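Undergrad: Please work out how this folds:
(chains A, B and C)
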Amino acid sequence: MSDLKSGSNLEKVLKAGHFAFTGECGPPKGANVEHLKEKFAYLKGNVDAVNVTDNQTAVVRMASWAASTLMVQEGLEPNFQMVCRDRNRLAMMSDILGVYAMGVRNMLCLSGDHQRFGNHPQAKNVHDLDSMQLIALAKKMRDEGKFLNEEDIDVPPKLFIGAASNPFADPFEFRVHRLAKKINAGADFVQTQCIYNMDKFREFMKIAVDMGLHERCFILAGVTPMKSVGMAQYMAKMVPGMDVPESLIQRLRGAGKGQVAEEGIKFAIEQIEEFKGMKGIAGVHLMAIEWEQRVPEIAERAKVLPRPKV
Amino acid sequence: MRLSYPSNVKIIQLPCTGRVDILHLLKAIEDGADGVYVAGCLEGECHFLSGNLKAKKRVQYVKKTLEEIGLEPDRVEMFNLSAGEGPRFAEIAREMVERIKKLGPSPVKIKKAA
Amino acid sequence: MIVADRKPLDEILEMIKDYSKIMIVGCKGCVTVCNVGGSKEVGILASTLKIARNKEGRPLEIEEKTLERQCDPEYVDQLKDVLDSYDAIISMACGVGPQFLSERYPQKRFLPAVNTTFFGGAVQHGTWVERCAGCGTCVIHYFDGMCPIARCSKSLLNGPCGGSAGGKCEISKDVDCIWDMIVRKKMEQGRLDELLEFRPAKDWITARDGGPRKSVREELVQ
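TA: Residues are numbered from 1 along each chain as shown, chains lettered A, B, ... in the order given. Predicted coordinates for the structure are as follows:
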């Protein structure tokens, strides 16, 4: 794990043994570059890399490759997300070459939420490849220098390959195996779905560590601070694969009017503290979606600043 | 029992309402009947176990169809009573006739005559 | 078999609004089995359309006929001397039927009365579910007899995705997650290690993605 595959900042931070801290930024529902740059400003210097989502929840937004490229130009490091829902293998390989040419060095391979959830449910479903096959494809392009059809790539894209892991989806017993499968396919790092059920997550990590997965792949724990009781209830009921314990909802309720967001941040910071010492965890992925302005404060209070220079 | 019921009700006897087909009900309306109803045994007391439940579903299907083509679904109905309930039989007949009188003659019939 | 659902009545009435003499042709194949286009359903549709048109004061003459199948020329030929007097012909067969009829009788107008949906089977009387997507390269043996191409909303070959919860697909509580079922079966049968094998990208060329398909039995072609 010492040779650099992509030379990205995230890769260097992780391989140097630092506790990584990544953020997330959703592109705008338009070509609103100004708004995007405002969001970047909150994240710059406070995180090692920033995930750029790809038509998240199947709602059309500025392309992930475009926002990633703008991010590079602004001096931040993107973690370019690509979903399998919207593009076939030709477009995927084409986009991978494109983003690499524009300076992107990290990629996250995802299935993508079904378009029935989104704002264009009438769309045709692509899913030419699944996320596992996309991970393998990115690895093939990087390490073998070949397209999926075995033809040579003239300048291979050297990306640091990431995947998502959801310890809370079903069937629970299979989740660690699926993580293992993604690592076997080529995932260099993994970001988990946001965690609220710490007991269940500790159980998951124990199995992952027993299997030695943390030695082959950097595992980053997902954290999303709860802004309100409504948000907690919504996520508990309406988001598939999300596990929000009743105890957390009670805790937020008990915080009192106007204090719920602060309580949510407190919980997130407690989590980050525990993750710093948890075996197998190489860092934290903070998803403060549409709340980027709180990232500097959270980073400060979580004592992850300053970010290491590698 | 020799109870009277309205003379504009034509009765078709069947061994079980399970024998009623969707087409029987539609054809009645097609041929100009102002209303059609199915009188079956009380639920749970069908001699053939579930014939009346099948009839109920078919009546619901016909109601839905009529609604889709702009006809009043209340022109078709399902009633349940026991074979011994003579007065209830007459009551149902009167009830249905009253309902149809309020709805007026079937629009299918009026136009056919035109 | 092929499963279809009847088109809404207002759509069918709109299709035939300019006609006064039509024929409805049913099929004794798949559409009879799924109770949408057999001789019984032809009768029901005929009566329904007549009621609707009588109500408008524009009566409709309808001839009812049901063929053995509408996907074989020898049966389609049986309509030869019968079609001339009709303004249009409604076919209650699957999407294949009205096309075969159209090809054989190019001067006549054929209208589909059903929306053909999927290849499936009956799970109880009156309920049919999708089982096969016609991908052209069957791989159900890798998944203990279940097809993720047809039954996974994302056609994953290395599932389940992170949206699988409580055995249900993220798109709806009414849709079972086939990957949940595959994983559980593999675990129960002691074959979990088979699921750790990476399933490579599918070759979609044999599916509809590769273009319209043809199936030939050389030993039978004259």
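Undergrad: ok now do residue 61, which residues does it touch?
TA: Just going to use chain A. Contacts for residue A:61 were tallied using C-beta atoms under 8 Å, 6 or more residues apart in numbering or on different chains; they are A:26, A:27, A:28, A:29, A:53, A:55. In short, each C-beta sits where N, CA and C put it, glycine included.
Undergrad: My question was about chain B, not that one.
TA: The neighbourhood of residue B:61, defined by C-beta under 8 Å, 6+ apart, consists of residue B:22.
Undergrad: Three-state assignment for it, please.
TA: At residue B:61 the chain is in helix, as set by DSSP: H, G, I helix; E, B strand; the rest coil.
Undergrad: Now do the same for it: its pLDDT.
TA: At residue B:61, the model reports a pLDDT of 97.
Undergrad: Excluding residues flanking it in the chain, which one is nearest the residue of the stretch 1-150 of chain A at minimum distance from chain C?
TA: Using C-beta to the nearest C-beta, the closest approach of the stretch 1-150 of chain A to chain C is made by residue A:132 at 3.6 Å. Spatial nearest neighbour of residue A:132, chain neighbours left out: residue C:158 (3.6 Å); criterion: C-beta to C-beta, 6 or more residues apart in numbering or on different chains.
Undergrad: now swap in residue A:297 and tell me
TA: residue A:265 (7.8 Å).
Undergrad: Of the contacts of residue A:61 - the most surrounded one?
TA: With neighbours defined as other C-beta atoms under 10 Å in any protein chain shown, the most crowded of the contacts of residue A:61 is residue A:27; it has 27 neighbours.
Undergrad: residues contacting the residue of the stretch 1-150 of chain A closest to chain C?
TA: Listed by C-beta under 8 Å, 6+ apart, the contact set of residue A:132 reads A:181, A:182, A:185, C:157, C:158, C:198, C:199.
Undergrad: ok, the residues you listed vs chain B, which is closest?
TA: Proximity of the contacts of residue A:132 to chain B (C-beta to the nearest C-beta) peaks at residue C:157, which lies at 40.9 Å.
Undergrad: pLDDT value on that closest one, please?
TA: For residue C:157, the model assigns a pLDDT of 97.
Undergrad: Skipping its backbone neighbours, what lies nearest it in space?
TA: Here the residue nearest residue C:157, using C-beta to C-beta, 6+ apart, is residue C:199, at 4.0 Å.
Undergrad: Specify the local secondary structure of the residue most central in space within chain B.
TA: When C-alpha atoms, centre = their mean is applied to chain B, the residue found nearest the centroid is residue B:37 (0.6 Å). Following three-state DSSP, the label given to residue B:37 is strand.
Undergrad: and if you look at residue A:10?
TA: What three-state DSSP gives for residue A:10 is helix.
Undergrad: So which residues on chain C come close to chain B?
TA: With C-beta under 8 Å from any C-beta of the partner chain as the criterion, chain C meets chain B at residues C:8-10, C:13, C:40, C:43-44, C:47-48, C:50-52, C:54-57, C:59.
Undergrad: which residues touch the residue nearest to residue A:132?
TA: By C-beta under 8 Å, 6+ apart, the contact list for residue C:158 reads A:130, A:131, A:132, A:133, A:181, C:198, C:199.
Undergrad: any idea of the mean pLDDT in the one helix or strand the fifth one maps to?
TA: Right, residue A:181. Per DSSP states H and E, residue A:181 falls inside helix A:172-185. Averaging pLDDT along helix A:172-185 yields 94.
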